[in-house]
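# My questions concern the predicted model and sequence given below.
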Amino acid sequence: MGGGVRDALLGQPVHDWDLEVFGLEADDLATVLARVGRVDAVGKAFGVLKVRPRGHRGLDIDVSLPRRDSKVGPGHRGILAQGDPHLDPTEAARRRDLTVNAMAVVLPEGHLFDPFGGQRDLQARVLRAVDPTTFLDDPLRALRAARFAAQLGFQATDDLIALAASAELGELPPERIFTELQRLLTEGSRPDLGWAFLRSADLDVRLFPACARPPGLPETFLRCLPERDAIDIPGRRLLFMLAIWLHPSPPPAWLDAFDRLGLHKWGAYPARRKAEALVGTPEAPIASDADLRRLSTRCEAGLWLGVRAAWDPSGPWADALTRCRMLGVAHEAPAPVLLGRHLTGRVPPGPAMGMLLERAYGAQLHGDIVTLDDALAWLDRSLSP
């Protein structure tokens, strides 16, 4: 059921299988599943069990009862889910968000159960709400639809866009918004379609009201995909895509966007601090290797150049980015070659030593110092009368 069926019909790898079991009470279902493997009640209140089959290490299967969802309060926490093993299958599928996510395969027969035309919409590459009257019970669905547009490369119907435009985003905690935008930007093969959905529903300005709406952003998103997919650190990949989005906006808009997402670190990557350095670094010369080394002391030079290369592919940025990588300064500034311990016994500790080390590092950035021998020779010249 759900996304696994959708992905299988698209010929894509299926990473998560969800099973929905009708006709068994929760305790009886748990007893039956215990014959297969370990059972954990991850959502016992509304009949969701996680099964780890014996002999299949690493395989987790979510097994659930059909359930009814009722809106009883604001946000996603305001949805009351009640398991009902005797619910009609069509009514059970009605709680799904999009028709392409509301299909199931009936076992053991293996035929497709598709009460809302999901296969038709899959073939037409269209996103459509299952039930317009309940779609916005969870306002996060508006952002999920944008994320699916990016991941699947599908177009949304006008009705779905109109629904999304009415979503009460203020009911959502920042971490839920962050998760959907992160997946839209870093996982989707068509982030331009995800952003176009947000823009059509005016969700982009509601999420980031201080940000610009640059007309070339969809094309830039497409152009930057090879660079994005080559970035192996998730936090850096996310910052790169956010910087593409925010690049035409003034610096305060960047910080406002990070505040609204509650984004500081992602994993061990200090995304906000890196963003502050990016937006705080004005246009700078990049003609020489020395220029690139100096740039790396102000910000993550590879991102700074990569964003500009995406927005201006005919400019000098891509060549400078290649040189920056060859110099080894794409992600951090070069480590100083001359250190305080090399001055021990020759320069007394204090301001004079600090100024000398600063001058040595400047010479290193310029290219006059490469090795420790270079640094010591420079030191001899600097200390000679």
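Noted; the coordinates are in hand.

# CA atoms for contacts and neighbours, from now on please.
OK.

# chain center to the helix or strand containing residue 146, what's the gap?
Per DSSP states H and E: residue 146 is located in helix 140-152. Relative to its parent chain, helix 140-152 has a centroid offset of 12 Å by C-alpha atoms, centre = their mean, to the nearest Å.

# With stretch 19-36 instead?
35 Å.

# Packing partners of the helix holding residue 146?
For helix 140-152, the packing partners by 3 or more C-alpha pairs under 8 Å, 6 or more residues apart in numbering; DSSP states H and E come out as strand 155-156, helix 158-165, helix 174-187, helix 191-200.

# Dump the longest one to CSV, restricted to CA.
Coordinates of each C-alpha in helix 174-187 appear next as CSV, following Å, rounded to 0.1, in the frame of the first residue of the first chain:
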residue,chain,number,x,y,z
PRO,A,174,9.4,24.5,12.2
GLU,A,175,11.0,21.0,12.2
ARG,A,176,8.1,19.6,10.2
ILE,A,177,8.4,22.4,7.6
PHE,A,178,12.2,21.9,7.5
THR,A,179,11.9,18.2,6.8
GLU,A,180,9.7,18.6,3.7
LEU,A,181,11.7,21.5,2.3
GLN,A,182,15.0,19.6,2.9
ARG,A,183,13.7,16.6,1.0
LEU,A,184,12.3,18.8,-1.8
LEU,A,185,15.7,20.5,-2.2
THR,A,186,18.1,17.6,-1.7
GLU,A,187,16.3,14.5,-2.9
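
# Identify the residues contacting it?
With C-alpha atoms under 8 Å, 6 or more residues apart in numbering as the test, helix 174-187 has contacts from 140, 143-144, 146-148, 150-151, 191, 194, 228, 237-238, 241-242, 260-263.

# how about the helices and strands packed on helix 140-152, which one is nearest residue 32?
helix 174-187 (34.4 Å; C-alpha to C-alpha).

# As JSON lines, the helices and strands packed on helix 140-152 with distance to residue 233, mean pLDDT and mean neighbour count would be great.
Below are the helices and strands packed on helix 140-152 laid out as JSON lines (distance: least, C-alpha to C-alpha, whole Å; pLDDT from 0 to 100; neighbours: other C-alpha atoms under 10 Å):
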{"stretch": "strand 155-156", "distance to residue 233": "30", "mean pLDDT": "96", "mean neighbour count": "22"}
{"stretch": "helix 158-165", "distance to residue 233": "32", "mean pLDDT": "97", "mean neighbour count": "19"}
{"stretch": "helix 174-187", "distance to residue 233": "11", "mean pLDDT": "95", "mean neighbour count": "19"}
{"stretch": "helix 191-200", "distance to residue 233": "19", "mean pLDDT": "96", "mean neighbour count": "24"}
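
# So for residue 285, which of the ones you listed sits nearest?
With C-alpha to C-alpha, the closest approach to residue 285 among the helices and strands packed on helix 140-152 belongs to helix 174-187: 29.7 Å.

# what sits opposite the closest residue to residue 59 other than its chain neighbours in the beta ladder?
Nearest residue to residue 59, sequence neighbours excluded (C-alpha to C-alpha, 6 or more residues apart in numbering): residue 52, at 6.0 Å. Using DSSP bridges, the beta-bridge partners of residue 52 come out as residue 38.

# Contact partners for residue 167?
Here residue 167 is in contact with 136, 139-140, 142 (C-alpha under 8 Å, 6+ apart).

# And for residue 105?
Residues in contact with residue 105, defined by C-alpha under 8 Å, 6+ apart, are 1, 5, 111-113.

# and if we set it to 6 Å?
Residue 105 makes contact with 111-113 under the criterion C-alpha atoms under 6 Å, 6 or more residues apart in numbering.
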